[in-house]
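**Q** I'd like to go over a predicted model; first the sequence, then the structure.
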Amino acid sequence: MAQAIVSPAAEAAGSLPVRAILPWAAFVGTLMLVALYFVGAEQGATSVFSGAGVHEWVHDARHLLGFPCH
């Protein structure tokens with residue numbers, strides 16, 4: 001029988017353990033949730049920072065993602 005030829009890159013891609021990815025996935029997920037909070041909810045009823053500074057920084061992202069702000 002013929003044996004399939006596997007490139008070294010494909011071999012290396014399959015050898016990454018889940019334990020090595022899990023902390024990075026949790027970190028990126030947390031960053032995404034923080035970004036979603038600032039874009040979607042900051043300067044509303046649950047605001048962390050006073051003033052309109054954060055609102056002005058993320059104003060265009062709110063409109064792009066469909067969040068109402070005025």
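**A** Thanks, I have it. Numbers count the residues shown, from 1 in each chain.
**Q** for the rest of this, base every contact and every neighbour count on C-alpha atoms.
**A** Will do.
**Q** any idea which element the most centrally placed residue in the chain lies in?
**A** Nearest to the mean C-alpha position of the chain, by CA atoms, centre = their mean, lies residue 32 at 3.1 Å. Using DSSP states H and E, residue 32 sits in helix 18-40.
**Q** residue 33 versus residue 40, what's the distance?
**A** For residue 40, the distance to residue 33 equals 10 Å [CA to CA, to the nearest Å].
**Q** more neighbours: the two, which one.
**A** Set residue 40 next to residue 33 and count neighbours by other CA atoms under 10 Å: residue 40 wins out with 21 against 11.
**Q** about what we covered before: and the residue nearest to the centre of the chain, what pLDDT?
**A** At residue 32, the model reports a pLDDT of 93.
**Q** about what we covered before: centre of the chain to the helix or strand that the helix holding residue 32 is followed by, how far?
**A** Tracing the chain C-terminally past helix 18-40 and defining elements by DSSP H and E, one meets helix 53-57 next. Relative to its parent chain, helix 53-57 has a centroid offset of 20 Å by CA atoms, centre = their mean, to the nearest Å.
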